[in-house]
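Undergrad: Got a sequence here, can you build the structure:
(chains A and B)
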Amino acid sequence: MAAPKKGRGPSGGQGKPGRTLALFLIAMIALTAGMFASGEVKPRLGIDLAGGTTITLKAKAEPGQENAINETNMNTAVGIIDRRVNGLGVSEAEVQTQGREHIIVNIPKGTNEKQAREQVGTTAQLYFRPVLTVAGSEPTPPTPSAGSTPSAGASATPSASASGAAADKGGDDKEKEASPSASATTQGRAVTDALKKAPTPSASTAPTTAQSPEAPAPPTPDPATAKLEQQFAALNCADKTQRSSAGKNAKPTEPTVACGEGAPGQWEKYILGPAEVDGKDVDDAQAAIDQRTGQWIVQMEFTSEGSKKFQKITARLSQQQPPMNQFAIVLDGEVVSAPSVRTTLSANAEISGNFTQESAQDLGNILSYGALPLSFQEDSVTTVTAALGDEQLKAGLIAGAIGLALVIIYLVVYYRGLSLIAILSLIASAILTYTIMSLLGPAIGFALNLPAVCGAIVAIGITADSFIVYFERIRDEIRDGRTLRPAVERGWPRARRTILVSDFVSFLAAAVLFIVTVGKVQGFAFTLGLTTLLDVVVVFFFTKPLMTLMARTKFFSSGHPWSGLDPKRLGAKPPLRRSRRVSATTEPKEA
Amino acid sequence: MSRLGSIGARLYRGEVGYDFVGKRMIWYGVSILITITAVVGLVVQGLNMGIEFKGGAVFTTDRATVSASEAKEYAEEASGHDAIVQELGNGGLRIQVSSLDTKEANKVEAQLAEDLNIPQEEIAADLVGPSWGEQIANKAWTGLGIFMILVVVYLAIAFEWRMALAALIALVHDLTITVGIYALVGFEVTPGTVIGLLTILGYSLYDTVVVFDGLKEASKDITKQTRWTYSEIANRSLNSTLVRSINTTVVALLPVAGLLFIGGGFLGAGMLNDISLSLFVGLAAGAYSSIFIATPLVADLKERDPQMKALKKRVLAKRAQAAAKGEPEDGPTEAVDGTEPQDAVPADAAPAGAVVGQRRQPARGRGKRR
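TA: Just a heads-up that it's a prediction; the model follows:
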């Protein structure tokens, strides 16, 4: 009448309980050793228990957009910053608005403060713009050596009018090799190759070149082009102020100049066409290591709309001559990388650059969560003490310890010898929970707040439920007149099913909440999922094998009065009537 | 323990037991009463949402004249709301107070200036938005909705739709009671409370599923026999796993009770009270509802199923037949809970009848409710 489900496998004839147990213990010891080796012997505490740092950000109105600082945008910004600093929702950071134009970000002690500050402040406006011109960092007198400009063949593209003017300046693309911007090409090529490896659903390239009207930008009027030319000529990317202001505040629909770092310390300047794909088109992004070069890159996946746009731009660019076959990935006005395109691409793209693991991860993180609607500047950074203080945590821990002691007393009184197995399992479960939580601190910024500490204590109690389910099964089997060893084995499949079914529900809750929600709820879901998995792991790989082993000892198998498995005390029927008892248990089902 | 153990054995065999299913109306009544109280509490009192949800006012000063805990007291006294006080790196204080608007904030600021002995100009007051904003809350609701749907689908597949429905009702019952208690006691709802509620959500279902799993197993081949109706089987299954249910509940509740009564009570950790109260009430309600509400509900629903109706008819006919024969071979000797003894169940003619003596069904009289 109900669907069958897992856990009904062959009955648990466990061949090598000793080996399972040994493996489990080795794993546990390895984890503990890992914890001590990493020096993180305590779980990281949340801001309510440990205090932390408060960063106050002030929204900056951009000229002409004073209205941008409103409640909607501020709330959006809070949401995005929250996801940036909270990542998986486990780091316990808090973000809220203060007054009309401030956002305060609280990050718990132990979090990498510098990294967090960089992350919260970055606006993360991301654009993909076609490259029209590339040059070395110095201001360009119109000499052939420095400028590398597009070929005339580009005229079919919408961006051509902008670049056409640039082409007047002279120089042809052959000179690019000789130009100081050589590093840009290397960099671009690495990406191209990587891009080529990415799956390309459509190899069709052609028609886009001719059908330029679909491109967003109208041909730029000449005065603007000339102005851009001037800007470009005057731009000195080696200069930090100029560099940072160059691409800032550029309207996405207009061409712009921008700087980018080719090799470390090697700057190039670009004239870029209007943006054709932007950060909103990025569905997901993460850091990865390029298999070929061994360098850190950021992989992006586009939304379906983004894929279409990206396909268009790459189809067109792949038909162009260098450097017009490059597109620039522009983040907050700076060119992060400018790969050249050889084939049409769609769903994925990679950004390579001079990334370290950290900067790649940061960028991936920032891109995944989108751009801030406003730009912010840091107003103040100050440390704050814990809102709850030590005594709360201590009280919680003491109370929790007393509670667990009561659990143990109860188990001892009720289950006697059997409680030894339960207590050992509880200890194993506690050690695993503790070490894993400690290790997750540095790994994913996992931090425990007071509710989570309580949750962990409760979770350990719930773990004990699984042992009880199993023990009661064994006892029922004994009551049916079985001796211990068959009882242990026969009780297991049924207990296992109960444990799996009920843990599955908990795990379902954890998984759904983790995927759908953000912030603290997500953090909770993580803890719930973790403890549920640990419950299953402990019961399967520790409690059960231990029980099998114990069943072999005389103390338990003979049903010693203190073993908790004494058939007489359990009210088992004497063997004489065993056969009848056996039929009796199943009776309601088949009589 | 030997006594306990033997009670366990007798429960297991159905020699003793409590008629959970038969007396379900009492417990439905109790639950409805509690739920109504909770709902009334919610409507009348409302929930006292914390600063994390509603925002509030924040007062900052560069100079701390009192300790953080004293400042907390002052602030709570001045505003009548919960306050969070943190010491700042520059030696100042930050005091956050929930649910204040600009006007109230000014008053509190003046009062604080007096209490802390600082000129009012040196205290900066500002309104803060919620750190647990609508966006987070909406996503949490979405997540909850999706989870409920999935869990109902899962339970409907793994068990059956009736159990899924009953589990859902039990879950809503538990959550309503817990939230209601919050409204009645007037504790401030913090993110910690929400986490507590979610823990209950998980536990309540976990516990219900454990009970249902036993029920499912007990009723596996129910249509192939004519000794017991579904309700009786459900009751048997509850009783035979009662020890397990009690033990799991005690073990889950003990640590929370420790947190609530020792941590919150003796050691006076206020925040612990908030969290552990919701956990304690919720876990207790979860354990109670699995046994007293969810299973009887399944039995109720099941008895409406034509198959089960037919079974009941067959069972009753058989009993009547046996009674007519006037040979109740094993008199119910061990019914301990005062269910009407003699009115039923002479052994059936089935081969298994040989062991019926030990398998007395205390609740067997239920079948006679006509």
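
Undergrad: so what's the backbone phi/psi at the nearest residue to B:I200 once chain neighbours are set aside?
TA: Spatial nearest neighbour of B:I200, chain neighbours left out: B:G282 (3.1 Å); criterion: Cβ to Cβ, 6 or more residues apart in numbering or on different chains. In short, each C-beta sits where N, CA and C put it, glycine included. Dihedral angles of B:G282 (phi, psi; degrees, to the nearest 10) stand at phi -60, psi -40.

Undergrad: Which other helices and strands does the helix or strand containing A:S419 contact?
TA: Using DSSP states H and E, the secondary-structure element containing A:S419 is helix A:418-444. Applying 3 or more Cβ pairs under 8 Å, 6 or more residues apart in numbering or on different chains; DSSP states H and E, one finds that helix A:418-444 contacts helix A:17-38, helix A:389-415, helix A:450-479, helix A:519-538, helix A:544-552.

Undergrad: average pLDDT for it?
TA: In this model, helix A:418-444 carries a mean pLDDT of 85.

Undergrad: List the buried residues in that helix.
TA: Within helix A:418-444, the residues scored as buried using 16 or more other Cβ atoms under 10 Å in any protein chain shown are A:418-426, A:428-441.

Undergrad: do the same with stretch A:31-40
TA: Result for stretch A:31-40 [16+ other Cβ under 10 Å]: buried residues A:31-32, A:35, A:40.

Undergrad: got it, and stretch B:134-153?
TA: With burial defined by 16+ other Cβ under 10 Å, the residues of stretch B:134-153 counted as buried are B:135-137, B:139-140, B:143-144, B:147-148, B:151-152.

Undergrad: give the contact list for the residue nearest to B:I200.
TA: Going by Cβ atoms under 8 Å, 6 or more residues apart in numbering or on different chains, B:G282 touches B:174-175, B:177-178, B:196-197, B:199-200, B:203-204.

Undergrad: mind running it again at 10 Å?
TA: B:174-175, B:177-179, B:181, B:196-201, B:203-204, B:256 (Cβ atoms under 10 Å, 6 or more residues apart in numbering or on different chains).

Undergrad: now swap in A:I468 and tell me
TA: Residues in contact with A:I468 (Cβ under 10 Å, 6+ apart) are A:411, A:414-415, A:422, A:495, B:210, B:243-252.

Undergrad: Take the buried residues of stretch B:134-153 and lay them out in CSV including distance to chain A and secondary structure.
TA: Formatted as CSV, these follow (distance: Cβ to the nearest Cβ, whole Å; DSSP: H, G, I helix; E, B strand; the rest coil):
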residue, distance to chain A, secondary structure
B:Q135, 5, helix
B:I136, 5, helix
B:A137, 9, helix
B:K139, 5, helix
B:A140, 5, helix
B:G143, 4, helix
B:L144, 8, helix
B:F147, 4, helix
B:M148, 9, helix
B:V151, 6, helix
B:V152, 11, helix
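
Undergrad: need the contact list for the nearest residue to B:L100 once chain neighbours are set aside.
TA: Once flanking residues are discounted, B:L100 sits nearest to B:A57: 4.1 Å by Cβ to Cβ, 6+ apart. Each residue near B:A57 by Cβ under 10 Å, 6+ apart is listed here: A:98, B:51, B:75, B:79, B:81, B:83, B:95-102, B:104-106, B:108-109, B:125-128.

Undergrad: In helices only, show me those residues.
TA: B:51, B:75, B:79, B:102, B:104-106, B:108-109 (DSSP state H).

Undergrad: These: which ones sit near chain A?
TA: Among the ones in helices among the contacts of B:A57, the residues that sit close to chain A (Cβ under 10 Å from any Cβ of the partner chain) are B:I51.

Undergrad: Widest-spaced pair of the ones in helices among the contacts of B:A57?
TA: Using Cβ to Cβ, the ones in helices among the contacts of B:A57 reach their maximum pairwise distance at B:I51 and B:N106, which is 17.7 Å.

Undergrad: These two: who's more crowded?
TA: Neighbour tally, B:I51 and B:N106, criterion other Cβ atoms under 10 Å in any protein chain shown: the higher count belongs to B:I51, 26 against 14.

Undergrad: Buried ones in the host helix or strand of A:K227, by neighbour count?
TA: For A:K227, the element it lies in under DSSP H and E is helix A:222-234. Residues A:225, A:228-229, A:232-233 are the ones in helix A:222-234 that count as buried (16+ other Cβ under 10 Å).

Undergrad: likewise stretch A:403-420?
TA: Quick answer for stretch A:403-420 (16+ other Cβ under 10 Å): A:403-404, A:406-408, A:410-412, A:414-420.
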